[in-house]
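Asker: Could you look at this predicted model? Sequence included:
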Amino acid sequence: MAKKKNDIIEEKVEKKVIEKKTKQNTKNSEKEKNVKKKIQEVDEIKTPKEKSKRNKKNSPVDIIQELINSEQEITIGDTSLLEQIPEKLGLLSLRENVLFNSMIMPIYETREEGIQVIEDAYNTSKFIFVTCQKNAEIAEPTFADLYTFGTVGLILRMIKLPNGHIKALVQGVSRAKAYQEIVKSNYLTVKVALIDEVVLDESPEIEALMRTARENSEKILQLRGVPVAEIMGILSQVDDPGKIADLIASNMRLKAHEAQTMLECLNPIERLKMINNHLLKEVEIADLQAKIQNIAREGMDKAQKSYYLREQIKAIRSELGEGQDAEEELDILRENIKKVGLSKEAKKEADKQLRRLANMGSDSAEANVVRSYLEWLVELPWKKFSKDFLDIPKAKEVLDFDHYGLNKVKDRILEFLSVRKLNPEAKATILCLVGPPGVGKTSLGRSIAKSMARKFQRISLGGMRDEAEIRGHRRTYVGAMPGRIIQALKNAGTRNPVILLDEIDKLANDFRGDPSSALLEALDPEQNSHFSDHYLNVEFDLSKVLFVCTANNVDSIPHALRDRMEIINISGYTELEKLAIVKSYILKRQIEDNGLTKEQITISDVAIKKVIREYTREAGLRNLEREIGAICRKIARKVAEKQIKSCSITPKLVEELLGAPRFIEEERDKILFPGVATGLAWTQAGGDVLYVEVSLMKGKGNILLTGKLGDVMKESCQAAISYIRSHAKDLQVKEDFHEQYDIHVHVPEGATPKDGPSAGVTIFSAILSALKNKSLKAEYCMTGEITLRGRVLPVGGIKEKILAAVTRGLTDVIIPKQNVKDLEDIPAELLDKITVHPVEHVDDVKKLVFSK
C-alpha cells in the first residue's frame, strides 16, 4: 500500500509513538481510561433526549478532537496506521450518512450483512470500507446500488446489543475508492485504493476561504443559540483547508448526495468553496428561523398576557356574581352537543369550537361567531325524522281534495309514494313541475307533504344570484349564515321534509357565483348524502329530503341541472276545468275569506263562464280567483251596508260589478282576405291565436318582416319563401315573383315579442295565399315547423294551442303528424269541439286550407 505523506494523522501517530516510550505506565493507563470513558459516553447515547443532554456537556466536535489527540492509543503496533490497511475490506453501506476522513461516527447497524461485516473486521484488522447508498429505500443493496467512492474506517469500539443489533464507533482514516467487487457468502468484500490528500502551500486565497468558513460557522452557532467559544477554539486549531472542510461538513445538515459530492472532491480549495456555499444557505435559513421564533415568542407573550387578563376578569366577575351565565351557557351547549346526535365529523368540530369558546372572553367578536356556529349545529335535525304516512288511497283522497284534474301528475306522485312504501331506503327522485303561472305547482308541493305527513318548506329561487344563498357563507365573513337549504331544515325540524324549490328556471348568476351550479350537489341523489355547507364546514345528509322544483319554462334551466330532475308538465286548464275549479274550490274560499255565507251569494255557471272568457285570459287561475274575489267583496259591502241580504250573480250583474269586459270575445272572420292565415302560438301564460298577414308590393324581391319577430321566426319566413320559389311551378305561382314583388310579412300586436319555430306552416300558407290571391278557410288554424324540403316537423304546447283554438271558436286545426301522440293528454270534451288534421308535408296543408 502506498504510504501517505505529510498527513496530519501520520505525524500525530509518529509523535505519540516516541512519547509513549518515554511516558510512565501509570500515565498511559490514565489516558486509556479517559479514552474508554469518552467512547463509553458515546455508546450510552440511546435516545434523542439522552443525545441532547450529552451534547450540552460534550459536543460531537469535542469528542472528535479528543479522539484525534488520543489516536495512537488505538493503533496496532508502532508502525504507520495507513500501512496496516489491507487491500481487501468488508463493505458497510450507510443509508443516508457519509463518513468523512478523520471524523468519528456512531453507527447503529440492524442488517445481518452489516452486522457480520463489523464483527469480522473488529475481530481481525478493525478496518472496513464505508460508503453510502444511492437510494436509501433499498433494503439489501448490491454493489451497483452503492457509491464506489467512500472512506476506510477504523472500528474504535463495538457493542453487541441483546436484540442482536450492533452499536459501533467508527473513525474515518482515509478516502478510498472500491475498484473490484469480491462476493462472499455473507457480505460484500471489495478491493480498495487509498486516495492521498492533496497538500497545498499556504496562500491568501486559502486563508480567506478558511476564515470565511469559520465566520459563517460562528454565525450559525450564534443564531441557533449554541455556545461559540469552545467550538470555534477547535476550528481555529485546524489549519489544513481540506481537514477543516471535512470537519464542518461532517457536522452540517447535508443531504446524502451533497455530502457524497463533498467527499469525492479531492481539491481542498474546491471543498472549501463548496462548504462556504452550504454555510451561506444555512446562515440564511438560521436567520429566518430566528425571526420566526421571535415572532412566535411575541405572539405567545401576547396570548399569555391575554389569558392572564381574562382569568383576572373571570375572577372579578365571579366575585361580582356575573360569571355564572357564561358557564351555564357553556354547560347547555355541551349538553346539547351530546344529545342532538351529531355525526362523528360534526361532533369533533363542535368539541373543538366549544373549547375555543371556553377560552375566549364572552364579549369578544369572535366569541359571538363561535357561539352562533355552535347554536346552528345543535339546532339542526341530525337524527329527527317525520314518520311517513304511506296510505296510498288516503294520499289519493288528499290530492283529489286539494286539486281538480291533473291526473297525470297525481299518478306520478302516487307512484313515488308506492315505491317509498315498498322500499323505504330507495333514493328520492327529484321532481320538477313545469307549467304556466297559476296552475297549482306550488300548492301541489304542499299537498305532497300533506299526503306523506311530512313538514313542508318553500325556497324561492327567483332572481337568486349569489352561490352563498345555496351553500352558505364562510364564517370568516361578517354576518355569515348557512345556505337556504340548511335554514329550511332547521325551520322544518326534521331531516326528511318536503322542500319546494320554487321558480328554479329564474336563477341568475354574476360575479358572486352561479347558484344553479351549487344546486347540482344538493339535487343529485348520488352526492347529496355528503352535502357540505360552507358555514357549517361539515357534511350533512340530504338524501332523506324530498325535493320538488317548479318552473315555467324548462328551456331556461341549465342542462346539467335539468338532467338531475324528472320533468312533469302541467298544462293550462280548459274552460270546463276552470268552471269546475271555481265551483269546487275558489268560490268557497272567497266566500269564506270575505265573511259571506253560501246563502248570501250564489253565482250561475253562465256568469262564471263570462268571467272566464271576458275578464281573464290565462292558462292558470290567479286572475280568475282575483275576479271572483272582487265580486265577493262588492257583495260583502252591500250586505254590510244592509242594501241587500243575499244576491244571485248573473252575467249582466257581472258586468255591473266588474266593469266593461277586458277581453272582448272576437268572432272569427267568416272569410279571410288573401294573404292572411290563422296560426297558434304557445306562451308562458298558455296558448294563443295569432294572425300572419302578407302583402305584395311592386318591387325587386325585398323581404320586409315586422311585428317584433325573433330570429327563429325570421328564419321560418326565409325557409317558406325559399320553398315556394323552388316549387313555384307545382304551387301554381309565378316563377319570377321574387323579381316583380317585395314581400311584407307582419304579425299583429307589434309591441309583443314573438319567436319560435311553430309559425313556419302559418307563414307558408299566408305567403302562398298572397301570391295566388286566394283566401284560406277561416275555420282553420295551424301550427308546425317547415323545412326546405317541405316537411312539417313537430312542435310543443299542443294542448295549450288547441285550447286557445277552441276558445276562439275555430273548428279545425292542422298539426304535425308526429304530434298525434300529444292528443292523449287533451280532455275528450275539448277534442269533441274541434277536428284535428295531422299532416306530414306542406302539400297536405295546401290541400286543406284553400277554399274552393
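Answerer: Now that the structure is in, tell me what you want to look at. Quantities reported herein were computed from a predicted structural model and do not represent experimental measurements. Residues are numbered from 1 along each chain as shown.
Asker: top helix in the chain by residue count?
Answerer: When the chain is scanned for its longest helix (criterion: DSSP state H), the result is helix 268-320.
Asker: need the next SSE after it, C-terminal direction.
Answerer: The C-terminal neighbour of helix 268-320 among helices and strands, as given by DSSP states H and E, is helix 324-339.
Asker: Who are the packing partners of the longest helix of the chain?
Answerer: Applying 3 or more CB pairs under 8 Å, 6 or more residues apart in numbering; DSSP states H and E, one finds that helix 268-320 contacts helix 204-223, helix 241-250, helix 256-264. Backbone N, C-alpha and C define where each C-beta goes, glycine included.
Asker: please redo it, this time with the cut-off set to 7 Å
Answerer: Helices and strands touching helix 268-320, by 3 or more CB pairs under 7 Å, 6 or more residues apart in numbering; DSSP states H and E, are helix 204-223, helix 241-250.
Asker: can those go into a markdown table with extra columns for distance to residue 675?
Answerer: Formatted as a markdown table, the helices and strands packed on helix 268-320 follow (distance: least, CB to CB, whole Å):
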| stretch | distance to residue 675 |
| --- | --- |
| helix 204-223 | 96 |
| helix 241-250 | 101 |
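Asker: Let me have those helices in JSON lines, extended by mean pLDDT and mean neighbour count.
Answerer: Formatted as JSON lines, those follow (pLDDT from 0 to 100; neighbours: other CB atoms under 10 Å):
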{"stretch": "helix 204-223", "mean pLDDT": "78", "mean neighbour count": "16"}
{"stretch": "helix 241-250", "mean pLDDT": "81", "mean neighbour count": "24"}
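Asker: what's the closest of the ones you listed to residue 849?
Answerer: Closest to residue 849 of the helices and strands packed on helix 268-320, according to CB to CB: helix 204-223, at 97.6 Å.
Asker: Mind exporting the C-alpha coordinates of the helix or strand following the closest one to PDB?
Answerer: Per DSSP H and E, the first helix or strand lying C-terminal to helix 204-223 is helix 229-237. C-alpha atoms of helix 229-237 as PDB (Å, rounded to 0.1, in the frame of the first residue of the first chain):
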ATOM      1  CA  ALA A 229     -16.200  29.800  22.200                       C
ATOM      2  CA  GLU A 230     -15.400  26.100  22.700                       C
ATOM      3  CA  ILE A 231     -16.200  25.000  19.100                       C
ATOM      4  CA  MET A 232     -14.600  28.000  17.500                       C
ATOM      5  CA  GLY A 233     -11.500  27.200  19.500                       C
ATOM      6  CA  ILE A 234     -11.300  23.800  17.900                       C
ATOM      7  CA  LEU A 235     -11.900  25.200  14.400                       C
ATOM      8  CA  SER A 236      -9.100  27.700  14.900                       C
ATOM      9  CA  GLN A 237      -6.600  25.000  15.700                       C
END
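Asker: So for helix 229-237, what gets flagged as buried?
Answerer: 231-232, 235 (16 or more other CB atoms under 10 Å).
Asker: Show the residue spans covered by the helices in the stretch 751-852 of the chain.
Answerer: With DSSP state H, counting those that start in this stretch, the ranges of helices along the stretch 751-852 of the chain come out as 760-772, 798-807, 828-831, 842-849.
Asker: Which elements pack onto the last one?
Answerer: Read it as helix 842-849. Using 3+ CB pairs under 7 Å, 6+ apart, helix 842-849 is in contact with helix 760-772, strand 780-782.
Asker: Now distance to residue 449 and mean pLDDT too, for the ones you listed, in JSON lines please.
Answerer: Output for those, formatted as JSON lines (distance: least, CB to CB, whole Å; pLDDT from 0 to 100):
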{"stretch": "helix 760-772", "distance to residue 449": "44", "mean pLDDT": "92"}
{"stretch": "strand 780-782", "distance to residue 449": "41", "mean pLDDT": "92"}
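Asker: No further questions, thank you.
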